[in-house]
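A.B. asks: I would like the atomic coordinates for the input below:
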Amino acid sequence: MKGLAPLLAAALVLASCGSSDPSAVPGPRQPTTTAAADPAEASGPAATTASPVAAAPADAEAQPAPAPLPIPPTPRVITGGDGPTGDLALVSGGWATDWSTRTIDFDELRIGISGIPIRDRIPPIDNPGFAPASEGGWSDPEPGLLLVVGETARFYPLAMLIVHEIVNDEIEGRPVLVTYCPLCNSALVFDPVVDGRRLRLGTSGLLRNSDLVMWDDATESLWQQIGGEGLVGAYAGRRLEVVPSAIVSWGDFKEGYPDGVVLAPPGRPASSYGRNPYVQYTSRSSPIPGFFDSTILDDRYPALARTVGVTVDGRNKAYPFSVVQDKGAVHDTVAGVPVVVLWSPGTADALDSPVTAEGADVGSALAFDRRVDGETLEFSPAGDGRFTDDRTNSTWNVLGQAIEGALAGARLEPVVHTNEFWFAWSAFHPDGEVFEP
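C.D. replies: Predicted coordinates:
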């Protein structure tokens with residue numbers, strides 16, 4: 001574990017995986033042992049990214065749910081030994097975490113909050129409210145996480161997830177854990193039920209490979225956001241089940257799910273959201289040095305290039321945005337499943353411009369199983385974010401919905417995927433495959 005003072009005095013300091021107050025002035029802060037009265041006093045960053053479970057329309061023929069993905073191999077669990085020392089011991093003093101059970105070395109954990117206590121200093125949303133899409137008020141390029149379960153579609157603006165990082169939610173009676181790490185641009189949804197117990201998860205104030213490390217309030221175990229792996233504590237070696245989701249634009253969400261709902265501000269004005277505390281972050285050539293080990297950086301692509309990371313039956317494969325954008329539709333087979341990755345313009349980069357909706361157009365890229373009624377389709381870009389299939393010439397949108405033609409009302413089943421930065425995907429999937437055009 002690197003010394004806390006040098007880390008916090010670095011030229012670029014971020015509050016864990018985000019800031020609880022996007023209006024905070026970026027810059028280094030010295031640690032303090034006095035807790036802030038308001039979580040918004042957490043430090044902000046300095047200047048210097050799974051697909052939707054798309055429900056078919058009510059009048060469309062129901063399609064069978066895909067078989068659940070197999071659980072990846074259980075990581076090796078280390079037991080015994082001493083607990084953390086140094087700065088990690090200082091910031092975790094009083095935690096009930098079982099430090100004797102873990103899957104990682106303690107020096108892999110980095111401290112991302114400049115005050116004590118660090119847990120939940122970036123405040124999750126525990127009782128979210130929602131408003132009809134017609135009342136959302138976001139601009140069309142605003143990026144957000146799309147989650148569809150059953151007949152319910154929800155949009156979680158990244159402008160809000162940057163501030164809170166975690167939403168402990170429930171949709172159609174199913175508990176869901178919505179997470180976003182701005183440092184990795186990784187948006188993931190999990191089933192938070194483990195051994196029949198629903199966990200409430202929060203931000204631990206720690207990072208690993210620059211990615212959010214969460215904690216649960218039942219056992220105080222530590223969990224990795226990318227992959228959902230239990231790292232330290234009673235649940236070390238366990239994995240949370242991934243619920244498919246995707247990053248899309250507000251405009252695409254409204255058009256594809258006009259009856260959907262959007263996350264409502266939790267007891268604070270809507271005007272307090274929309275400012276990006278990570279100004280020029282995606283213009284960087286490398287991740288924040290204090291939060292990421294540069295010796296493991298994979299230089300095949302720019303570190304902060306967006307990547308579609310597809311997972312099928314435990315196999316991981318990356319599709320760089322640059323490749324998908326160039327082709328519009330990329331066809332492949334992963335673990336025997338024919339997949340397509342679709343790209344459409346119109347989604348802003350939330351992590352570069354001072355205003356989340358005014359960032360450069362990076363588009364949306366979503367991954368699907370390209371079989372419909374037993375037929376494997378191929379797709380061609382048709383302009384304006386539309387695609388046509390080679391069997392019926394039906395028109396599809398980037399959400400995998402057939403909107404015109406013989407297959408109108410049909411939809412593609414998603415495959416689990418993420419849109420994180422290349423440095424993060426390659427760090428967590430060192431043996432993963434990379435699509436070659």
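A.B. asks: what comes up buried for the helix or strand harbouring residue 87?
C.D. replies: Take DSSP states H and E as the rule and residue 87 turns out to sit in helix 86-91. Going by neighbour count (16 or more other CB atoms under 10 Å), the buried part of helix 86-91 is 87-88, 91. Any C-beta I mention is one placed from the backbone N, CA and C, and that applies to glycine too.
A.B. asks: Show me what it is packed up against.
C.D. replies: helix 4-8, strand 109-111 (3 or more CB pairs under 8 Å, 6 or more residues apart in numbering; DSSP states H and E).
A.B. asks: let's go with 10 Å and repeat that
C.D. replies: If contacts are counted by 3 or more CB pairs under 10 Å, 6 or more residues apart in numbering; DSSP states H and E, helix 86-91 sits against helix 4-8, strand 109-111, strand 201-208.
A.B. asks: Name the strands paired with the second one and say parallel or antiparallel.
C.D. replies: So the one you mean is strand 109-111. strand 201-208 (antiparallel) (DSSP bridges).
A.B. asks: can you pull the contacts of the residue nearest to residue 219 when sequence neighbours are not counted?
C.D. replies: What sits nearest to residue 219 in space, not counting adjacent residues and going by CB to CB, 6 or more residues apart in numbering, is residue 234, at 4.0 Å. Going by CB atoms under 10 Å, 6 or more residues apart in numbering, residue 234 touches 96-98, 101, 194, 216, 218-221.
A.B. asks: that older thread, export the buried residues of helix 86-91 as JSON lines, with columns for pLDDT.
C.D. replies: JSON lines is the format used below for those (pLDDT from 0 to 100):
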{"residue": "87", "pLDDT": "94"}
{"residue": "88", "pLDDT": "96"}
{"residue": "91", "pLDDT": "95"}
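A.B. asks: from those residues, which single one is nearest residue 425?
C.D. replies: Proximity of the buried residues of helix 86-91 to residue 425 (CB to CB) peaks at residue 88, which lies at 26.0 Å.
A.B. asks: gap between that closest one and residue 204?
C.D. replies: Applying CB to CB, to the nearest Å, the value for residue 88 to residue 204 is 11 Å.
A.B. asks: farthest-separated two in the contacts of residue 234?
C.D. replies: Farthest pair in those, by CB to CB: 96 and 194, 16.7 Å.
A.B. asks: now do the same end-to-end measure for stretch 276-296.
C.D. replies: One end of stretch 276-296 sits 28 Å from the other (CA to CA, to the nearest Å).
A.B. asks: tell me which residues of that stretch are tucked away?
C.D. replies: Buried residues in stretch 276-296 (16+ other CB under 10 Å): 276-279, 281-282, 284, 287-288, 290-292.
A.B. asks: Turn those into TSV, columns for secondary structure, pLDDT and distance to residue 270.
C.D. replies: Formatted as TSV, those follow (DSSP: H, G, I helix; E, B strand; the rest coil; pLDDT from 0 to 100; distance: CB to CB, whole Å):
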residue	secondary structure	pLDDT	distance to residue 270
276	coil	96	16
277	coil	95	17
278	coil	95	20
279	coil	96	21
281	helix	97	23
282	helix	97	25
284	coil	96	29
287	coil	96	31
288	coil	95	29
290	helix	93	33
291	helix	96	30
292	coil	96	33
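A.B. asks: just the residues you listed now: which is nearest residue 377?
C.D. replies: Distances from residue 377 to the buried residues of stretch 276-296, taken by CB to CB, are shortest for residue 282, at 33.1 Å.
A.B. asks: Please report how far the closest residue to that closest one other than its chain neighbours lies from residue 172.
C.D. replies: Excluding the flanking residues, the one nearest residue 282 by CB to CB, 6+ apart is residue 352, at 4.5 Å. Between residue 352 and residue 172 the computed distance is 35 Å (CB to CB).
A.B. asks: same check, this time on residue 208
C.D. replies: For residue 208, the distance to residue 172 - CB to CB - is 32 Å.
A.B. asks: who's more crowded, residue 352 and residue 172?
C.D. replies: residue 352 (20 against 9; other CB atoms under 10 Å).
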